[in-house]
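Peer 1: pasting the sequence and the predicted model now:
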Amino acid sequence: MTRKERFKYILDYFRKEQGPVTTELEFGSAFQLIVATLLSAQCTDKRINMITPELYRHYPTAEAMAQADWEDIFQLIKSVSYPNSKAHHLSEMAKILVERFNGEVPDNTDDLTQLPGVGRKTANVVQAVWFGKPTLAVDTHVYRVSHRLGLVPETANTPLKVELELMKYIPKADVGNAHHWLLLHGRYICKSQRPQCQDCPFSTFCPTGVKILKEKQASAPSETAVKKP
């Protein structure tokens with residue numbers, strides 16, 4: 001199967017079986033989306049959704065958060081990963097949004113990545129989810145699944161390289177959904193430590209899946225083996 005054929009099969013499956021999808025993070029504005037996405041780095045969406053309602057209640061806008069001390073923000077997010085640095089980033093991000101962008105979240109990569117704590121992945125999420133742009137965020141799930149399924153070559157050894165490789169084959173109309181399709185596949189099926197290859201619709205041609213299933217079959221006891229008394 002060529003890489004082009006591999007992409008077609010996988011995208012056709014996701015279109016049919018999942019259709020349009022979006023982030024599992026909860027938010028009500030562009031500002032709340034960028035806050036949640038920043039907080040979600042190396043943390044589960046479930047945990048972020050547990051703490052953001054109270055955070056949004058205190059600081060619903062960039063203007064409100066810009067007035068807060070980072071220590072107060074810290075108290076509301078201290079159960080997430082790296083709360084100290086994230087509290088600093090949120091405080092500084094809000095201030096820059098107010099000072100440079102009139103409190104509004106910008107809609108392009110150059111401006112978004114000027115904000116503290118906002119890298120290319122977060123910028124791409126905001127542009128795709130809120131602004132509907134064909135940007136593809138590569139997080140750990142997308143990176144892992146892309147390599148395991150053979151969608152990208154081994155030389156695509158950075159998130160940016162993976163993004164550029166994926167963009168060569170994914171139709172523009174599918175880009176926004178493709179991020180979530182691959183992410184959710186990695187979160188629930190193609191897990192980091194225990195991939196559920198037996199439940200994967202791509203296991204017959206996935207290089208990693210084929211290998212794992214063969215190893216399981218080889219290590220399984222033979223049905224014809226004589227049982228010990």
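Peer 2: On my side now, so go ahead. Numbering: from 1, shown residues only.

Peer 1: contacting residues around residue 31?
Peer 2: 60-62, 97, 103, 105 (Cβ atoms under 8 Å, 6 or more residues apart in numbering). The way it works is simple: take the backbone N, C-alpha and C, and place the C-beta from them, glycine included.

Peer 1: now stretch 123-139: average pLDDT?
Peer 2: Averaging pLDDT along stretch 123-139 gives 96.

Peer 1: what lies in contact with that stretch?
Peer 2: Residues outside stretch 123-139 that contact it (Cβ under 8 Å, 6+ apart) are 22-23, 30, 33-34, 37, 105, 107-109, 112-113, 120-122, 142, 146, 159-160, 162-163, 166-167, 170, 172-173, 175-176, 178-179, 183.

Peer 1: let's see that with 6 Å instead.
Peer 2: By Cβ atoms under 6 Å, 6 or more residues apart in numbering, the residues outside stretch 123-139 that reach it are 23, 30, 33-34, 37, 107, 109, 112-113, 121, 159, 162-163, 166, 172, 175-176, 179.

Peer 1: out of the residues you listed, which sit inside helices?
Peer 2: Per DSSP state H, helices hold the following members of those: 30, 33-34, 37, 109, 112, 121, 159, 162-163, 166, 175-176, 179.

Peer 1: now for those residues: which two are most distant?
Peer 2: 30 and 162 (25.8 Å; Cβ to Cβ).

Peer 1: more neighbours, those two?
Peer 2: residue 162 (22 against 18; other Cβ atoms under 10 Å).

Peer 1: verify the contact between that one and residue 143 for me.
Peer 2: Yes - using Cβ atoms under 6 Å, residue 162 is in contact with residue 143, at 5.4 Å.

Peer 1: quick one: the helices in this protein?
Peer 2: 3-17, 30-39, 45-58, 62-66, 70-77, 83-101, 109-112, 120-129, 140-148, 159-169, 175-188, 207-219.

Peer 1: ok, for residue 119, nearest residue in space, not its chain neighbours?
Peer 2: Closest residue in space to residue 119, ignoring its immediate chain neighbours: residue 113 at 6.5 Å, by Cβ to Cβ, 6 or more residues apart in numbering.

Peer 1: lowest-confidence helix or strand of the chain?
Peer 2: Every helix and strand in the chain was compared by mean pLDDT, DSSP states H and E; the lowest is helix 207-219, with a mean of 78.

Peer 1: name the surrounding residues that touch that one.
Peer 2: With contacts defined as Cβ under 6 Å, 6+ apart, helix 207-219 is touched by 148, 150, 197, 200, 203.

Peer 1: one step back: of the contacts of stretch 123-139, buried ones?
Peer 2: 23, 30, 33-34, 37, 109, 112, 121, 159, 162-163, 166, 175-176, 179 (16 or more other Cβ atoms under 10 Å).

Peer 1: state the pair within those that is farthest apart.
Peer 2: It's 30 and 162 that sit farthest apart of the buried ones among the contacts of stretch 123-139, by Cβ to Cβ, at 25.8 Å.

Peer 1: so how far is residue 49 from the residue lying closest to residue 56 once chain neighbours are set aside?
Peer 2: Take residue 56 and drop its neighbours on the chain: the residue closest to it by Cβ to Cβ, 6+ apart is residue 32, 5.6 Å away. If you measure residue 32 against residue 49 using Cβ to Cβ, to the nearest Å, the figure is 11 Å.
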